[in-house]
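Q: Predicted structure and sequence below. I'll ask about it afterward.
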Amino acid sequence: MRKALVVVSILLLVAFALQFVFAAVGAFTKPAGDGAYALHSVTGMAVIPVLTLLTILFAVLAKAPGRFVGLAVLPLGLVVLQALLAMLANAFTDAAGASTPFGLAIAGLHAVNGIVAVHVVVNVLRAARKLASPVPAPAARLTVREGEPA
């Protein structure tokens with residue numbers, strides 16, 4: 001189960017990394033239509049939440065320490081915050097539907113929260129790898145007394 005935890009943590013990190021690529025695709029699509037951010041939206045609203053829930057599930061099934069389970073839960077909270085920030089950024093438009101300075105500031109927080117989430121997932125992956133690696137057995141102490149054959 002611990003190896004599965006490592007695999008799902010890797011997939012989660014890859015999904016987060018792809019989010020930045022998909023955001024750039026949306027930002028640089030010309031002409032920018034409603035579908036410009038489709039990949040970013042699907043990944044952020046479906047793929048990442050599912051992988052986050054799987055990470056939490058595998059952490060519990062792997063009997064990981066409570067501190068690790070808490071770390072695994074943290075990306076879920078950040079994903080919820082991401083969705084709220086995106087909704088707020090889109091809600092703050094003027095009468096013509098154009099972005100307002102406040103809406104753009106919220107959108108900037110959306111990007112910063114994404115960076116924080118990636119760093120948290122990197123730490124989840126590091127902890128999962130550490131948990132999955134076998135603990136070496138302590139070396140036996142060998143005492144040789146003077147005059148005794150070794």
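A: Structure's in. What do you need?
Q: can you pull out the helices in the protein?
A: 2-28, 38-42, 48-61, 66-91, 101-132 (DSSP state H).
Q: OK, contacts around the residue positioned nearest the centre of the chain?
A: Centroid check for the chain by CA atoms, centre = their mean gives residue 121 as the closest residue, at 3.6 Å. Residue 121 is in contact with 9, 12-13, 16, 75, counting by CB atoms under 8 Å, 6 or more residues apart in numbering. C-beta: built from backbone N, CA, C; applies to glycine.
Q: how many other residues sit next to residue 74?
A: Burial of residue 74 is recorded as 17 neighbouring residues (other CB atoms under 10 Å).
Q: so what's the residue nearest to the centre of the chain closest to, chain neighbours aside?
A: Spatial nearest neighbour of residue 121, excluding adjacent residues (CB to CB, 6 or more residues apart in numbering): residue 13 at 4.9 Å.
Q: Pretty sure the one you found sits against residue 123.
A: No - the criterion here is CB atoms under 8 Å, and residue 13 misses it with residue 123 at 10.3 Å.
Q: For residue 37, give me its contacts.
A: Per CB under 8 Å, 6+ apart, neighbours of residue 37: 22-23, 26.
Q: Now render the residues you listed as JSON lines, adding distance to residue 107, neighbour count and pLDDT.
A: Formatted as JSON lines, the contacts of residue 37 follow (distance: CB to CB, whole Å; neighbours: other CB atoms under 10 Å; pLDDT from 0 to 100):
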{"residue": "22", "distance to residue 107": "15", "neighbour count": "20", "pLDDT": "96"}
{"residue": "23", "distance to residue 107": "11", "neighbour count": "19", "pLDDT": "94"}
{"residue": "26", "distance to residue 107": "12", "neighbour count": "17", "pLDDT": "93"}
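Q: Including distance to residue 91, could those go into CSV?
A: Compiled in CSV, the contacts of residue 37 are given as follows (distance: CB to CB, whole Å):
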residue, distance to residue 91
22, 22
23, 19
26, 18
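Q: residue ranges with poor pLDDT in this protein?
A: By pLDDT under 70, the weakly predicted segments of the chain are 137, 139-140, 142, 148-150.
Q: burial measure for the residue nearest to residue 121, as a count.
A: Counted with other CB under 10 Å, the neighbours of residue 13 add up to 17.
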